[in-house]
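Colleague: Below: sequence and its predicted model.
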Amino acid sequence: MQNDYLKSVISQFEYYKLLGEKTLAQLPDEAFFWQYNAESNSIATLVKHLWGNMLSRWTDFLATDGEKKWRDRDGEFVNDLQSRDEVLQKWQEGWHVLLKTLKSLQEDDLTKLIYIRHQGHTVQEAINRQLAHYPYHIGPLVFIGKMLADDWVSLSIPRGKSIHYNADKFAKPKRKQHFTDEFLKPDEPALDD
(Lines give C-alpha, C1' and ligand atoms only; values in the text may rest on other atoms or scores of the structure.)
Protein backbone atom coordinates (compact mmCIF):
# COMPACT_ATOMS: atom_id res chain seq x y z
CA MET A 1 0.00 0.00 0.00
CA GLN A 2 2.84 2.42 0.79
CA ASN A 3 4.37 1.91 -2.67
CA ASP A 4 0.99 2.93 -4.06
CA TYR A 5 1.25 6.08 -1.93
CA LEU A 6 4.63 7.01 -3.42
CA LYS A 7 3.41 6.35 -6.96
CA SER A 8 0.28 8.37 -6.28
CA VAL A 9 2.08 11.42 -4.86
CA ILE A 10 4.61 11.39 -7.68
CA SER A 11 1.69 11.42 -10.14
CA GLN A 12 0.06 14.25 -8.22
CA PHE A 13 3.22 16.37 -8.27
CA GLU A 14 3.73 15.62 -11.98
CA TYR A 15 0.15 16.68 -12.64
CA TYR A 16 0.64 20.08 -10.97
CA LYS A 17 3.96 20.49 -12.78
CA LEU A 18 2.15 19.84 -16.05
CA LEU A 19 -0.61 22.36 -15.23
CA GLY A 20 2.06 25.00 -14.68
CA GLU A 21 3.89 24.08 -17.87
CA LYS A 22 0.75 24.12 -19.98
CA THR A 23 0.03 27.57 -18.58
CA LEU A 24 3.55 28.92 -19.16
CA ALA A 25 3.55 27.61 -22.73
CA GLN A 26 0.45 29.70 -23.56
CA LEU A 27 1.88 33.02 -22.39
CA PRO A 28 3.87 35.77 -24.08
CA ASP A 29 7.13 36.65 -22.32
CA GLU A 30 5.82 39.86 -20.74
CA ALA A 31 3.02 37.95 -18.99
CA PHE A 32 5.61 36.20 -16.82
CA PHE A 33 6.39 39.50 -15.08
CA TRP A 34 2.95 41.13 -14.79
CA GLN A 35 1.75 42.01 -11.29
CA TYR A 36 -1.72 43.16 -10.39
CA ASN A 37 -0.27 45.44 -7.68
CA ALA A 38 2.82 45.73 -5.49
CA GLU A 39 1.47 43.19 -2.97
CA SER A 40 0.70 40.51 -5.55
CA ASN A 41 3.11 38.03 -7.09
CA SER A 42 3.98 37.74 -10.74
CA ILE A 43 4.25 34.33 -12.36
CA ALA A 44 8.04 34.76 -12.28
CA THR A 45 7.91 35.39 -8.53
CA LEU A 46 5.67 32.38 -7.92
CA VAL A 47 8.10 30.21 -9.88
CA LYS A 48 11.09 31.65 -8.01
CA HIS A 49 9.41 30.90 -4.66
CA LEU A 50 8.51 27.35 -5.70
CA TRP A 51 12.11 26.87 -6.88
CA GLY A 52 13.59 28.10 -3.60
CA ASN A 53 11.23 26.00 -1.53
CA MET A 54 11.84 22.89 -3.62
CA LEU A 55 15.61 23.19 -3.46
CA SER A 56 15.51 23.77 0.29
CA ARG A 57 13.00 21.06 1.15
CA TRP A 58 14.21 18.28 -1.16
CA THR A 59 18.02 18.66 -1.16
CA ASP A 60 19.48 16.10 1.29
CA PHE A 61 15.87 15.41 2.22
CA LEU A 62 16.45 12.59 4.71
CA ALA A 63 19.63 14.03 6.23
CA THR A 64 19.24 17.78 6.82
CA ASP A 65 16.56 20.24 7.94
CA GLY A 66 14.23 21.21 5.10
CA GLU A 67 14.80 24.91 5.77
CA LYS A 68 18.40 25.21 4.59
CA LYS A 69 20.67 27.93 6.00
CA TRP A 70 21.51 29.02 2.44
CA ARG A 71 17.88 29.61 1.49
CA ASP A 72 16.83 33.25 0.98
CA ARG A 73 13.05 32.94 1.29
CA ASP A 74 12.48 36.70 1.38
CA GLY A 75 14.58 37.06 -1.76
CA GLU A 76 12.29 34.62 -3.54
CA PHE A 77 9.60 37.29 -3.49
CA VAL A 78 11.78 39.93 -5.15
CA ASN A 79 10.69 40.10 -8.78
CA ASP A 80 14.21 40.18 -10.25
CA LEU A 81 14.15 37.49 -12.93
CA GLN A 82 14.70 39.10 -16.32
CA SER A 83 13.72 36.60 -18.98
CA ARG A 84 11.43 33.72 -19.83
CA ASP A 85 14.49 31.46 -20.00
CA GLU A 86 15.49 32.35 -16.41
CA VAL A 87 11.98 31.57 -15.19
CA LEU A 88 11.83 28.24 -17.04
CA GLN A 89 15.31 27.28 -15.82
CA LYS A 90 14.25 27.79 -12.20
CA TRP A 91 11.00 25.91 -12.83
CA GLN A 92 12.84 22.89 -14.22
CA GLU A 93 15.58 22.93 -11.58
CA GLY A 94 13.13 22.93 -8.68
CA TRP A 95 10.94 20.18 -10.10
CA HIS A 96 14.00 18.08 -11.00
CA VAL A 97 15.23 18.08 -7.39
CA LEU A 98 11.75 17.30 -6.03
CA LEU A 99 10.95 14.45 -8.42
CA LYS A 100 14.42 12.92 -8.24
CA THR A 101 14.18 12.82 -4.45
CA LEU A 102 10.65 11.39 -4.43
CA LYS A 103 11.60 8.69 -6.92
CA SER A 104 14.55 7.67 -4.72
CA LEU A 105 12.40 7.06 -1.63
CA GLN A 106 11.53 3.58 -0.45
CA GLU A 107 8.50 2.36 1.46
CA ASP A 108 10.41 2.16 4.74
CA ASP A 109 11.47 5.82 4.41
CA LEU A 110 7.88 7.02 4.87
CA THR A 111 7.90 6.63 8.66
CA LYS A 112 11.33 8.19 9.17
CA LEU A 113 11.45 11.51 11.00
CA ILE A 114 12.74 14.60 9.19
CA TYR A 115 12.71 18.24 10.25
CA ILE A 116 11.50 21.48 8.71
CA ARG A 117 12.53 24.49 10.81
CA HIS A 118 13.25 22.07 13.67
CA GLN A 119 9.66 20.77 13.57
CA GLY A 120 9.52 16.99 13.23
CA HIS A 121 7.55 15.38 10.42
CA THR A 122 7.39 11.84 9.19
CA VAL A 123 8.50 11.68 5.58
CA GLN A 124 4.88 11.04 4.61
CA GLU A 125 3.75 14.15 6.52
CA ALA A 126 6.48 16.24 4.88
CA ILE A 127 5.41 15.02 1.43
CA ASN A 128 1.77 15.82 2.21
CA ARG A 129 2.77 19.28 3.43
CA GLN A 130 4.41 20.10 0.11
CA LEU A 131 1.63 18.46 -1.89
CA ALA A 132 -0.68 21.05 -0.33
CA HIS A 133 1.79 23.94 -0.61
CA TYR A 134 2.73 23.74 -4.30
CA PRO A 135 -0.83 23.66 -5.70
CA TYR A 136 -1.55 26.66 -3.43
CA HIS A 137 0.88 28.63 -5.65
CA ILE A 138 0.21 26.90 -8.96
CA GLY A 139 -3.48 27.84 -8.74
CA PRO A 140 -2.71 31.59 -8.87
CA LEU A 141 -0.13 30.94 -11.61
CA VAL A 142 -2.86 29.34 -13.73
CA PHE A 143 -5.34 32.08 -12.84
CA ILE A 144 -2.92 34.81 -13.95
CA GLY A 145 -2.23 32.80 -17.10
CA LYS A 146 -5.93 32.62 -17.94
CA MET A 147 -6.19 36.39 -17.59
CA LEU A 148 -3.14 37.16 -19.73
CA ALA A 149 -3.15 34.48 -22.45
CA ASP A 150 -4.18 35.72 -25.87
CA ASP A 151 -6.21 32.60 -26.63
CA TRP A 152 -6.48 30.41 -23.51
CA VAL A 153 -6.69 26.65 -24.04
CA SER A 154 -8.41 24.94 -21.09
CA LEU A 155 -6.27 22.71 -18.88
CA SER A 156 -9.21 20.50 -17.96
CA ILE A 157 -12.72 19.98 -19.29
CA PRO A 158 -13.54 23.08 -21.40
CA ARG A 159 -16.67 25.05 -20.60
CA GLY A 160 -19.77 23.56 -22.16
CA LYS A 161 -18.08 20.18 -22.77
CA SER A 162 -18.89 18.34 -19.51
CA ILE A 163 -21.79 16.33 -20.96
CA HIS A 164 -19.68 15.08 -23.89
CA TYR A 165 -16.69 14.38 -21.62
CA ASN A 166 -18.78 12.40 -19.12
CA ALA A 167 -20.59 10.49 -21.89
CA ASP A 168 -17.21 9.41 -23.27
CA LYS A 169 -15.99 8.30 -19.81
CA PHE A 170 -19.17 6.39 -18.96
CA ALA A 171 -19.16 4.65 -22.37
CA LYS A 172 -15.94 2.85 -21.38
CA PRO A 173 -15.68 -0.06 -18.94
CA LYS A 174 -14.73 0.69 -15.33
CA ARG A 175 -11.04 0.37 -14.64
CA LYS A 176 -8.52 1.28 -12.00
CA GLN A 177 -6.72 4.35 -13.20
CA HIS A 178 -5.30 7.27 -11.32
CA PHE A 179 -7.11 10.44 -12.35
CA THR A 180 -3.85 12.07 -13.43
CA ASP A 181 -3.10 9.32 -15.97
CA GLU A 182 -5.22 10.97 -18.64
CA PHE A 183 -3.31 14.24 -18.24
CA LEU A 184 0.19 12.74 -18.13
CA LYS A 185 0.40 11.21 -21.57
CA PRO A 186 3.86 9.95 -22.54
CA ASP A 187 3.57 11.56 -26.00
CA GLU A 188 3.30 15.02 -24.38
CA PRO A 189 6.80 16.22 -23.51
CA ALA A 190 7.19 18.51 -20.54
CA LEU A 191 8.20 22.11 -21.15
CA ASP A 192 11.97 22.34 -21.69
CA ASP A 193 12.57 18.84 -20.30
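Modeller: Perfect, I can see it now.

Colleague: Please give the centre-to-centre distance between stretch 133-153 and its chain.
Modeller: Counting by Cα atoms, centre = their mean, to the nearest Å, stretch 133-153 is centred 12 Å from the centre of its parent chain.

Colleague: which one's the longest helix in this protein?
Modeller: Ordering each helix of the chain by length in residues (DSSP state H) puts helix 123-148 first.

Colleague: where does the protein dip in pLDDT?
Modeller: 1-3, 177-193 (pLDDT under 70).

Colleague: list the buried ones in the helix or strand hosting Leu6?
Modeller: According to DSSP states H and E, Leu6 maps onto helix 2-24. Buried residues in helix 2-24, counted by 16 or more other Cβ atoms under 10 Å: 6, 9-10, 12-24. All C-beta spots, glycine's among them, are computed from the backbone N, C-alpha and C.

Colleague: Equivalent analysis for stretch 110-129, please.
Modeller: Going by neighbour count (16+ other Cβ under 10 Å), the buried part of stretch 110-129 is Leu110, Ile114, Ile116, His121, Val123, Gln124, Ala126, Ile127.

Colleague: First-to-last residue distance for stretch 23-36?
Modeller: 18 Å (Cα to Cα, to the nearest Å).

Colleague: what's next to that stretch, contact-wise?
Modeller: With contacts defined as Cβ atoms under 8 Å, 6 or more residues apart in numbering, stretch 23-36 is touched by 41-45, 79, 81, 83-84, 87-88, 91, 141-142, 144-146, 148-153, 155, 191.

Colleague: Quick one, which of these are buried?
Modeller: Buried, going by 16+ other Cβ under 10 Å: 41-45, 81, 84, 87-88, 91, 141-142, 144-145, 148, 155, 191, out of the contacts of stretch 23-36.

Colleague: Near the spatially closest residue to Leu55 that is not a sequence neighbour, how many other residues are there?
Modeller: Spatial nearest neighbour of Leu55, excluding adjacent residues (Cβ to Cβ, 6 or more residues apart in numbering): Val97 at 5.7 Å. Neighbours of Val97 under the rule other Cβ atoms under 10 Å: 18.

Colleague: For Val97, give me its contacts.
Modeller: Each residue near Val97 by Cβ under 8 Å, 6+ apart is listed here: Met54, Leu55, Trp58, Thr59.
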